[in-house]
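Asks: Sequence and predicted model, in that order:
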Amino acid sequence: MVSYKELGLVNTREMFAKAIKGGYAIPAFNFNNMEQLQAIIKASAETKSPVILQVSKGARNYANQTLLRYMAQGAVEYAKELGWEHPQICLHLDHGDSFELCKSCVDFGFSSVMIDASSLPYEENIALTKKVVEYAHKYDVTVEAELGVLAGVEDEVSSAVSHYTKPEEVVDFATRTGCDSLAISIGTSHGAYKFTPEQCTRDPKTGRLVPPPLAFDVLDAIMEQLPGFPIVLHGSSSVPQEYVDMINKYGGKLPDAVGIPEEQLRKAAKSAVCKINIDSDSRLAFTAAVRKVFAEKPSEFDPRKYCGPARDLMEELYKHKIINVLGSDGKAE
Ligand code: G3H
Ligand code: 13P
Ligand code: ZN
């Protein structure tokens, strides 16, 4: 058993309370490798933003859970080295799909876990979430649960359609499970194709797809039912068109990739939405930078020469999100 407290990590309780009060959101960035982690920590340290490092089941399988945990521990020390006196870094399991996986993360030094039982029938979602909460809370690890189903692929939890969260269920769910935060479905989805062209309109000037708005009426109804309760938005990449263009220009093929417009995320961040999940945007930045180097310097074969630019572009992206979208800069001196 390793306590996250010994690793210098924090859970989400205080982060979220402050974020709701302050009208901003905490960035939750997924990481799978060293370059992503370096970029996240540099961006957070330079902007003094609290940050949630998210590890999916897929990331654990890809990078090895022991290595990932030591990397997160190393991240705290790296942040201090960068001059961030009191780093507020949470290590979070993204889309945990079983009690065993959540328990293993709690036992292994994670400060927060998500149990995503949203694809199960309501009562089964409650039962599994409650079981995880009871275990995690013994160790002061916070728990995110999900109600409603996002369209797209949630790690190994998949759904073809989106079912908005039902506001009439949230009080019963939060009370009976004891979860610390609730991921909701209001029209976001995972990946770089969040809407089909049929669901969008087209900007006549640019020819770009313009996605439909998120269901803010559902969010408002949820906040009315659960005043002050921390709400989480998954699937919140905005799929920056400059990265999509770069990828397509340098040999990639991502036609009509589209995300959540940043002004909608800005609006959400000012509400009870206090955690915003971003993974795909970082994948796009990484891929765009690597493709550019490969296209322009075909004889390059030192990974530092293409992973380095990828890391720089991701750092720029993370800083932009923190400062211009979530408003979490300067909240963790
Ligand atoms: O919600 C899904 C995250 O983007 C993680 O994706 O399961 O491919 O690591 P992954
Ligand atoms: P995106 O695919 O929009 O980046 O969402 C990531 C996410 O929700 C991770 O849990
Ligand atoms: Zn997610």
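Replies: Thanks, I have it. Ligands and ions are numbered 1, 2, ... in the order given.

Asks: For the helix or strand containing D245, output the C-alpha coordinates as CSV.
Replies: Per DSSP states H and E: D245 is located in helix 241-249. Listed in CSV are the C-alpha atoms of helix 241-249, where the atom choice follows Å, rounded to 0.1, in the frame of the first residue of the first chain:
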residue,chain,number,x,y,z
GLN,A,241,-8.3,23.2,-36.7
GLU,A,242,-4.7,24.4,-37.1
TYR,A,243,-3.5,20.9,-35.9
VAL,A,244,-5.9,19.1,-38.1
ASP,A,245,-4.7,21.2,-41.1
MET,A,246,-1.1,20.5,-40.2
ILE,A,247,-1.8,16.8,-40.0
ASN,A,248,-3.6,16.8,-43.3
LYS,A,249,-1.0,19.0,-45.0
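
Asks: what residues does the protein put near ligand 2?
Replies: Along the chain, the residues adjacent to ligand 2 under the rule Cβ under 6 Å from any ligand atom are 30, 94-95, 190-191, 234-237, 277-281. In short, each C-beta sits where N, CA and C put it, glycine included.

Asks: now the strands for the stretch 151-300 of the chain?
Replies: Taking DSSP state E, counting those that start in this stretch to define them, one finds strands in the stretch 151-300 of the chain at 152-154, 157-159, 181-184, 201-202, 209-210, 231-233, 273-278.

Asks: Quick one: closest of these to ligand 1.
Replies: Ligand 1 lies closest to strand 152-154 among the strands of the stretch 151-300 of the chain, at 5.3 Å (Cβ to the nearest ligand atom).

Asks: Tell me who's in contact with the residue lying closest to A221 once chain neighbours are set aside.
Replies: By the measure of Cβ to Cβ, 6 or more residues apart in numbering, the closest residue to A221 outside its immediate chain neighbours is P167, 3.7 Å from it. Contact criterion Cβ atoms under 8 Å, 6 or more residues apart in numbering gives 218, 221-222, 224-225 as the residues in contact with P167.

Asks: so where's the chain uncertain?
Replies: Across the chain, the stretches falling below the confidence threshold (pLDDT under 70) are 152-162.

Asks: For it, list the residues in contact with ligand 1, please.
Replies: Within the chain, the residues that sit near ligand 1 (Cβ under 6 Å from any ligand atom) are 30, 56, 58-59, 94-95, 154-155, 190, 279.

Asks: Please spell out the ChimeraX selection for the buried subset of those residues.
Replies: Command for ChimeraX that selects the buried part of the residues of the chain next to ligand 1, burial taken from 16 or more other Cβ atoms under 10 Å:
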select :30,56,59,94,95,154,190,279
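
Asks: May I see the residues of the chain next to ligand 1 arranged in a markdown table, with distance to D107 as well?
Replies: Formatted as a markdown table, the residues of the chain next to ligand 1 follow (distance: Cβ to Cβ, whole Å):
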| residue | distance to D107 |
| --- | --- |
| N30 | 22 |
| S56 | 18 |
| G58 | 20 |
| A59 | 18 |
| D94 | 17 |
| H95 | 18 |
| E154 | 24 |
| D155 | 20 |
| H190 | 27 |
| D279 | 25 |
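
Asks: Spatially, which two of the residues of the chain next to ligand 2 are the most separated?
Replies: Farthest apart among these by Cβ to Cβ are H95 and D281. That separation is 17.6 Å.

Asks: one step back: quick one, which of the contacts of P167 are buried?
Replies: Burial by neighbour count, 16+ other Cβ under 10 Å: within the contacts of P167 this picks out 218, 221-222.

Asks: Scan the protein for its longest strand.
Replies: When every strand of the chain is counted residue by residue (DSSP state E), the longest turns out to be strand 89-96.

Asks: The following helix or strand past that one vs strand 89-96, what angle?
Replies: Elements were assigned by DSSP H and E; along the chain past strand 89-96, the next helix or strand is helix 99-107. Here the directions of helix 99-107 and strand 89-96 differ by 170 degrees (axes from the mean of the first three to the mean of the last three Cα atoms, to 10 degrees).

Asks: Quick check: the gap between the residue of the chain positioned farthest from its centre and V290.
Replies: Residue farthest from the centre of the chain, counting by Cα atoms, centre = their mean, is S299 at 35.5 Å. Taking Cβ to Cβ, to the nearest Å as the measure, S299 and V290 are separated by 15 Å.

Asks: thinking again about what came up before, who does the helix holding D245 touch, helix- and strand-wise?
Replies: In this structure, helix 241-249 makes packing contacts with helix 280-296, judged by 3 or more Cβ pairs under 8 Å, 6 or more residues apart in numbering; DSSP states H and E.

Asks: Please export the C-alpha coordinates of the very next helix or strand once past the helix it packs on as CSV.
Replies: Tracing the chain past helix 280-296, the next element assigned as helix or strand by DSSP H and E is helix 303-320. Presented in CSV, the C-alpha positions along helix 303-320 are these (Å, rounded to 0.1, in the frame of the first residue of the first chain):
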residue,chain,number,x,y,z
PRO,A,303,13.4,10.7,-31.8
ARG,A,304,14.4,13.7,-29.7
LYS,A,305,14.3,15.8,-32.9
TYR,A,306,10.6,15.0,-33.5
CYS,A,307,9.4,14.3,-30.0
GLY,A,308,11.0,17.6,-28.8
PRO,A,309,8.9,19.8,-31.2
ALA,A,310,5.8,17.6,-30.3
ARG,A,311,6.5,18.4,-26.6
ASP,A,312,6.8,22.1,-27.3
LEU,A,313,3.5,22.2,-29.2
MET,A,314,1.7,20.3,-26.4
GLU,A,315,3.1,22.7,-23.8
GLU,A,316,1.8,25.6,-25.8
LEU,A,317,-1.6,23.9,-26.1
TYR,A,318,-1.8,23.1,-22.3
LYS,A,319,-0.9,26.7,-21.4
HIS,A,320,-3.5,28.0,-23.8
